[in-house]
Every structure is written in structure tokens, then in C-alpha cells.
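Enquirer: With the sequence up front, the predicted model follows.
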Amino acid sequence: MIVECKPHRAELEWAVFLFNTMGEDNSYFVDLWKVQELYKIQEENKVKMKPGKAVVDFLNHWSMRATKKPIATAIDKWYNGNGVAEKLKLLPETLTGKDLNDELEENVTYLYTALDGLTGIGEPTEAEHDDSQLKQKHHYTVIRDTGASKILHILKPGFFVMWDNPIRQHYMGNCKGSGAYFFFLKKMQEKAKCLRNQNSNIFKELLLNIKEPLETNLKNVISRNGSKQEILNFMKENQLKEIPNNGELTENTVTAIISKFIEDRYNNDGYIDAKFLDEYNWIVHTKNIKLPPAWHPSDYKA
């Protein structure tokens with residue numbers, strides 16, 4: 001008997017297409033590249049990793065409004081204290097890499113709970129989403145469910161799936177916290193496994209389908225004022241070998257670096273599952289877009 005997956009392939013394809021053409025997280029792969037470079041530096045030089053600044057950039061690109069220095073310092077302290085870095089290493093690299101058993105639940109709930117109390121970050125309220133002045137004025141002080149999932153995702157992107165309030169409420173009702181997040185993660189693993197059982201290459205095929213909008217979004221990010229300089233500063237601060245001899249970066253150089261990173265990373269099977277499931281959840285449950293929509297992309301071609 002064939003089990004019907006939810007989302008089924010067509011729904012997932014539509015969600016990923018819409019998400020990436022809307023350009024909601026143009027900076028995602030740049031932020032991910034930064035964190036992965038920090039991991040390499042940590043491994044090669046046997047030094048403590050300080051991911052705080054890169055994580056804060058990621059959070060701010062998702063409208064989390066993290067105040068840079070205080071929260072970056074707090075994230076560095078959290079990452080390097082109480083066995084957090086070691087517990088992250090013990091987790092599977094990918095969502096479908098290992099069944100989510102009691103041992104993994106202990107590590108996931110520990111990491112999630114350990115984020116509680118970090119200061120300087122919050123998620124926008126419904127009123128703030130509609131009022132730009134409120135958005136600029138107001139800053140929350142404690143990490144909540146949305147921020148915790150995003151921090152864990154950028155540090156272990158193949159395993160942790162992000163959620164926000166609408167997504168959490170759809171899957172878990174009024175339940176919050178680390179226990180609810182672990183059960184949500186189990187549901188995401190079931191979805192990924194169901195899709196893979198029907199087509200083992202489904203996530204790779206989806207990545208190929210969005211190659212063009214993904215590259216367009218990437219170029220838009222790099223061409224933005226200050227973005228290229230931000231990337232150059234990161235490379236200089238961390239003494240990355242990709243810095244050109246003249247110490248300057250062109251948009252083409254940066255695009256080539258990040259594009260190669262994307263290609264290398266997602267040639268490793270399983271790394272994209274968590275991100276594409278997040279994109280589906282965001283389109284369907286956060287934005288309430290019905291899939292498939294009443295129109296087709298070909299309707300808008302010249």
C-alpha cells in the first residue's frame with residue numbers, strides 16, 4: 001500500500017518555488033557560509049569557536065532584531081559553556097540520519113532549554129509587523145521559541161527545523177518549550193522520511209528546480225549596500241584564504257564563493273531536508289497560502 005505523504009511532492013515543490021521567488025531569506029546562504037567557515041577554523045586551529053556575531057546577523061536578517069554586542073557575547077558564552085558545543089557534535093548531521101530516540105531527545109531538549117534567558121532578542125508582535133515605527137523602537141530581552149529554533153538551525157542546519165508561532169501552533173497547539181519542539185522535530189523527520197521513501201532524490205531535485213531564483217537572490221544580497229563590505233570584513237577578521245591579493249572583493253568573486261559553498265554542501269545528501277520543510281511550513285502555516293495556488297507560473301511568463 002502506498003502511503004500518501006503530507007506534504008505530497010507537488011505541494012512541497014510549490015512551497016519551495018514560492019518561497020525562493022519571494023526572496024524572503026536572501027541572506028540565508030551567506031549567513032550559513034559564515035558559520036560553516038567558523039566551524040572549519042575551530043577544527044583546523046583547535047580554538048574555541050565564537051559564533052555569536054554570525055548568529056546575530058542571521059537572526060537580524062529574519063527580523064528578530066537582536067542587539068549585536070550583548071546577544072553575540074551571550075551566544076558565545078552559551079555555545080562554549082555547559083557542554084553545548086559537545087552536545088551539538090553528538091547530534092546527527094541530517095534530519096533523517098538517525099531515529100529521534102530518548103538519547104537524542106535529552107540532547108535536543110538540553111540545548112533548547114539552555115538558550116532560555118539570553119538577552120537582547122525577541123520576535124515581532126502582530127502589531128509590530130504592521131507598524132514600522134514600533135518595530136524600530138521596541139526590543140525584547142529574552143529568547144523565546146522562535147529565536148531558539150533559529151539559533152539551533154544555523155548551528156546544525158541539516159538537523160534542526162525552524163519554527164515560528166503560527167507553525168508551532170499548527171503542529172503543537174498551545175504547547176511550547178523544548179519538549180514541544182522535540183515532538184515537532186519528530187513530525188518533521190517523519191515527513192522527510194515519507195518523502196524520501198517515495199523518491200530518494202526528491203530534495204536534490206527540488207534544489208535544482210530553484211537554482212535560477214536562488215542565484216538571483218544571492219546576487220541581490222551581494223549587490224546591496226554594505227553587504228559586500230560585511231562579507232569582506234568577515235573574511236579579514238577570520239583570515240580566510242579566499243581574500244584576493246588586493247584586499248578587495250567584486251560581486252562576481254563573492255557570488256562564486258557562496259555558489260560553490262551551496263553546491264558543495266548540498267551534494268552531501270540530506271542537508272537540505274530541514275530547510276525545505278521549513279519553507280513549506282512558512283508558506284502554508286505562517287503565510288496561509290493554499291497549495292497549489294489558483295495560478296500557475298507559466299501564466300506570468302512574457
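Expert: Perfect, thanks for sending it.
Enquirer: Strands along the stretch 151-300 of the chain, start to end?
Expert: Assigned by DSSP state E, counting those that start in this stretch, the stretch 151-300 of the chain shows no strands.
Enquirer: For stretch 78-91, buried residues please.
Expert: 78-79, 84-85, 88, 91 (16 or more other Cβ atoms under 10 Å). No exception for glycine: its C-beta is placed from N, CA and C like everyone else's.
Enquirer: Same check on stretch 195-205?
Expert: So, applying 16+ other Cβ under 10 Å, buried residues of stretch 195-205: 195-196, 202-204.
Enquirer: State the mean pLDDT of that stretch.
Expert: The average pLDDT within stretch 195-205 is 88.
Enquirer: for stretch 220-239, same thing?
Expert: pLDDT averaged over stretch 220-239 gives 78.
Enquirer: Sketch out the low-pLDDT regions of the stretch 51-200 of the chain for me.
Expert: Within the stretch 51-200 of the chain, the stretches with pLDDT under 70 are 63-69, 117, 119-142.
Enquirer: hey, where'd the helices end up in it?
Expert: Using DSSP state H, counting those that start in this stretch, the helices of the stretch 51-200 of the chain run over 52-61, 68-80, 84-90, 102-114, 126-129, 132-137, 145-155, 165-172, 177-198.
Enquirer: re earlier: could you single out the nearest of the buried residues of stretch 78-91 to Lys34?
Expert: Lys34 has its nearest neighbour among those in Tyr79, at 14.3 Å by Cβ to Cβ.
Enquirer: Surely the closest one and Lys53 touch.
Expert: No: counting by Cβ atoms under 8 Å, Tyr79 does not reach Lys53; the two are 11.8 Å apart.
Enquirer: Relative to Asp76, how far out is Lys89?
Expert: For Lys89, the distance to Asp76 equals 17 Å [Cβ to Cβ, to the nearest Å].
Enquirer: and for stretch 164-172, what are the contacting residues?
Expert: 123, 145-146, 163, 175-176, 180, 183-184, 187, 281-282, 285-286 (Cβ atoms under 8 Å, 6 or more residues apart in numbering).
Enquirer: And it, what's buried?
Expert: Within stretch 164-172, the residues scored as buried using 16+ other Cβ under 10 Å are 164-165, 167-168, 171-172.
Enquirer: And stretch 263-271, by the same measure?
Expert: 265-266, 269-271.
Enquirer: Could you work out the end-to-end span of that stretch for me?
Expert: 11 Å (Cα to Cα, to the nearest Å).
Enquirer: Ok, stretch 155-171 next?
Expert: Stretch 155-171: ends 23 Å apart by Cα to Cα.
Enquirer: How far does it sit from its chain's centre?
Expert: 9 Å (Cα atoms, centre = their mean, to the nearest Å).
Enquirer: ditto for stretch 37-52
Expert: 19 Å.
Enquirer: correct me, but Ala148 touches Ala180?
Expert: No: in this structure Ala148 lies outside contact range of Ala180 using Cβ under 8 Å: 11.1 Å.
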